[in-house]
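Need coordinates for the following:
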Amino acid sequence: MAGPSTTRSPSRERRKQPTSCCPASSEGWTKKLRTGGARSISGGPFFSESPVKLVLVAACALVDADRRVLIAQRPEGKQLAGLWEFPGGKVEPGERPEETLIRELHEELGITVKEACLAPLTFASHTYETFQLLMPLWICKRWEGQVIQKEHQALKWVRPNKLRDYAMPPADEPLIPPLVDLLGG
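Next comes the predicted model:
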């Protein structure tokens, strides 16, 4: 019968390394707020040494009386032009996501939305080549005014189960299943 091993297993070595679940207490972690609702995270055991820009974009699924969802086509000249997306926009410094939606829905679609009519539904996180996008999705069934095309190439009211028929940015695609679950076909 062999005696106890004098070499340590790799798992035992890992346990001896200092650990922390709080990034602020680990050496090498930095968080910097940047303009445009972006944050840079670098260093630490879970991140590369080069900063990753975090961009927060608020999106809204406007739902009409027929349970259709509004999607908007990105205009020519913008990144991801021609793709369909949920209305919304980048959260500006000092702005809450709900405030962003109220502002963006008025600027893009000419409607007035009250914060009480916005209900958070889900979110998506997607890594693009130069930044990490975090996009919460709110649902809204009540607003004032008529939806008009102001900034997008086109607007369409679409049944939730038909949203995948429209080419969307990769960050928008994970938002579809919760809408289908909530609203059905």
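
From residue 125, how far off is residue 134?
Between residue 134 and residue 125 the distance is 5 Å, computed by Cβ to Cβ, to the nearest Å. Quick note: C-beta positions are derived from backbone N, CA and C, even for glycine.

Between these two, which is the more surrounded one?
Between residue 134 and residue 125, counted using other Cβ atoms under 10 Å, residue 134 has the larger neighbour count: 19 against 12.

who touches that one in this structure?
The contact partners of residue 134, taken as Cβ atoms under 8 Å, 6 or more residues apart in numbering, are 54, 55, 56, 57, 123, 124, 125.

Please name every helix or strand in contact with the helix or strand hosting residue 71.
Take DSSP states H and E as the rule and residue 71 turns out to sit in strand 69-73. Where contact means 3 or more Cβ pairs under 8 Å, 6 or more residues apart in numbering; DSSP states H and E, strand 69-73 is packed against strand 52-62, strand 84-85, helix 97-109, strand 155-158.

and the next element down the chain from the shortest one?
To tie it back to what came earlier, the one meant is strand 84-85. strand 88-90.

Check which strands are paired with that following strand and give the direction for each one.
strand 52-62 (antiparallel) (DSSP bridges).

Tell me what angle the strand it pairs with forms with helix 97-109.
60 degrees (axes from the mean of the first three to the mean of the last three Cα atoms, to 10 degrees).

I figured residue 160 hits residue 177, correct?
No: Residue 160 is not in contact with residue 177 according to Cβ atoms under 8 Å; the separation is 9.2 Å.

okay, the two: which has more neighbours?
Remark: of residue 160 and residue 177, residue 160 carries more neighbours, 21 against 13, as counted by other Cβ under 10 Å.

Which parts of the chain are helices?
10-16, 97-109, 176-183 (DSSP state H).

So which bits of stretch 103-121 are buried?
103, 104, 105, 106, 108, 109, 111, 113, 118, 121 (16 or more other Cβ atoms under 10 Å).

The residues you listed: which two are farthest apart?
106 and 121 (20.6 Å; Cβ to Cβ).
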